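**Student:** make a model of this:
(one chain, ligands or ions: 1)
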Amino acid sequence: MHDTLIDFGVRVNVWQPLLRACTFRIVWYLSGRLFELDPTLLTLFHYTTSCGSTQDCLASPEFLDHVTKVMLVIDAAVSNLDDLLSLEDFLLNLGRKHQAVGVHTQSFALVGESLLYMLQCSLGPAYTAPLRQAWLNMYSVVVAAMSRGWAENGEDKAD
Ligand code: HEM
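**Tutor:** Got it, this is the predicted structure:
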């Protein structure tokens, strides 16, 4: 699987230029799409500022902060493509934290869909089927580890 990741542009041609050039676009597409897919996710973010509308929430500092956190995790995965196992403990712990704040593992997949949507909108014709598959593979590794941590935390609480 790692050959697929590396050959089809997760690391090679897309990520760093995209991060540098399109921060606004990343936030806009990624978060806008996420709440389009599941508006109830908004309630999981405990804002100190009040959210009059989805647009207000999207612009709130707490939410933008979380988008940045998501992108930092993706960036760490891109930087460690050759050794994603080195992120295992971090990702397990991240999964545990999300279990603790009431985020379900299915929601991780929606973030993945939003990420792909953002890439599609940003890359246009450069968003090819192999490139999509490569990102999907990488994100699946991240989510699988987070989901394991999530499940472990749930089991601990059931004991
Ligand atoms: C729809 C799915 C998700 C929801 C609703 C969600 C929600 C949250 C919430 C409520 C927090 C705690 C408050 C905060 O720090 O903002 C949090 C923390 C965090 N989330 Fe998510 N999250 C989701 C998916 C993800 C994914 C997929 C990633 C990474 C790939 C991620 C990365 C992080 C990080 C790095 C933190 C900080 C953890 C820490 O404090 O150490 N989140 N998330």
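
**Student:** burial of the closest residue to residue 103 other than its chain neighbours, as a residue count?
**Tutor:** Distances taken as Cβ to Cβ, 6 or more residues apart in numbering put residue 44 closest to residue 103, at 5.9 Å, once the chain neighbours are dropped. Heads up, the C-betas are built off the backbone N, CA and C, glycines and all. Residues lying near residue 44 (other Cβ atoms under 10 Å) number 14.

**Student:** and residue 119, how far is that from the ligand?
**Tutor:** 15 Å (Cβ to the nearest ligand atom, to the nearest Å).

**Student:** quick check, pLDDT for that residue.
**Tutor:** Residue 119 is assigned 84 on the pLDDT scale.

**Student:** list the buried residues in the helix or strand hosting it.
**Tutor:** Per DSSP states H and E, residue 119 falls inside helix 105-123. Neighbour-count burial for helix 105-123, counted by 16 or more other Cβ atoms under 10 Å, picks out 105, 107-108, 110-119, 121-123.

**Student:** could I get the full set of helices for this structure?
**Tutor:** Using DSSP state H, the helices of the chain run over residues 2-7, 15-21, 23-37, 54-59, 61-79, 88-100, 105-123, 129-158.

**Student:** between those helices, which has the poorest average model confidence?
**Tutor:** Looking at the helices of the chain, the bottom one is helix 2-7 with a mean of 44.

**Student:** residues from the chain in reach of the ligand?
**Tutor:** 41, 44-45, 65-66, 69-70, 73, 94, 97-98, 101, 103, 107-108, 110-111, 142 (Cβ under 6 Å from any ligand atom).
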